[in-house]
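Engineer: predicted coordinates and the sequence they were generated for:
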Amino acid sequence: MRQPTASGERLQKVLARAGFGSRRACELLIDGGRVAVNSERVTLGSRVEASDRITVDGVPVITDTNLVYYLLHKPVGVVTTVSDPQGRRTVMDFVGDRPRVFPVGRLDYDTSGLLLLTNDGELANVLTHPRHGVFKTYVAEVEGDPSPAAIRALRNGIDLDDGITAPARCRVLGRRDSHSIIEIEIHEGRNRQVRRMCEAIGHPVVQLSRSRIAELRDAMLPVGAIRALEAQEVRALYAAGLREPKSSESNR
């Protein structure tokens, strides 16, 4: 157990500033053994330096004020890159004069939906590395009416030219004329993966949008709008890398 030191700032004050409630509430977190500094459980009276890594229930506490997090509702016809040699519009055009950030993962040129932009490399790794298994949710309008067998195939894995996909969560949401609306959750990030999966079962995508990153969603964010994430949303994204299932046990 880490012993209290005389230097630095009181830990409960740092936690309170990071959004964990009153100082008394933060003291209860510490006293309950839920807080660690540099991987060591701490006691009341602990102080921390700016370089210390603080976690609550294993989830990092963001204390670096230079780290920023934005959620963009990316429109169709926009490239998910910092710059484009072809001169097309990029997601950076929506950032404006905000601090320099980069997109986490990709959304295709013809796909809309939620995209995270940040300068936090650790969070980007948590959200994109396959070993963390963080699911992203897509709503796809596809041609035709997928059979139960086709939906099972999506859930079990599709054999694409770059290998079999990991099990996905998938369900039919409804139908629109000769098209169907399906929800697909995947934790891989292959190029045009959802489109290729649907093509492989014989139901090409007509329209595709990402509706959720882990549990982060915002149905009220207009297309083309961008907003800062709240502290609890950032913590939830970090936590998703610790708790998301890595298999199809939770398929619906």
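Structural biologist: Yep, that arrived.
Engineer: grab the longest helix from this structure for me.
Structural biologist: For the chain, the longest helix by residue count, based on DSSP state H, is helix 231-243.
Engineer: for that helix, what is the average pLDDT?
Structural biologist: Averaged across helix 231-243, the pLDDT comes to 89.
Engineer: buried ones in that helix, by neighbour count?
Structural biologist: E233, V234, R235, A236, L237, Y238, A239, A240, G241 (16 or more other CB atoms under 10 Å). C-betas here are computed from N, CA, C, even on glycine.
Engineer: cool, stretch 140-159 as well?
Structural biologist: By 16+ other CB under 10 Å, the buried positions in stretch 140-159 come out as A140, E141, V142, P146, A150, I151, A153, L154, R155, I158.
Engineer: got the contact list for the longest helix of the chain?
Structural biologist: The contact list for helix 231-243 (CB atoms under 8 Å, 6 or more residues apart in numbering) reads 18-19, 56-62, 69, 116, 123, 126-127, 132-135, 213-216, 229.
Engineer: same check, this time on stretch 151-166
Structural biologist: 130, 167-172, 182, 184, 186-188, 190, 193, 196-198, 200-201, 248, 251.
Engineer: swap in 6 Å and give it another go.
Structural biologist: The contact list for stretch 151-166, computed with CB atoms under 6 Å, 6 or more residues apart in numbering, reads P167, A168, C170, E188, R196, M197, A200, I201, S248, N251.
Engineer: and what of stretch 41-60?
Structural biologist: 1-2, 4-5, 8-11, 14, 27, 30-31, 33-38, 61, 235, 238-239, 242.
Engineer: same check on stretch 15-31?
Structural biologist: So stretch 15-31 is in contact with Q12, V35, L44, V61, A231, going by CB under 6 Å, 6+ apart.
Engineer: which residues does the second one bridge with?
Structural biologist: Listed beta-bridge partners, V35: V56 (assigned using DSSP bridges).
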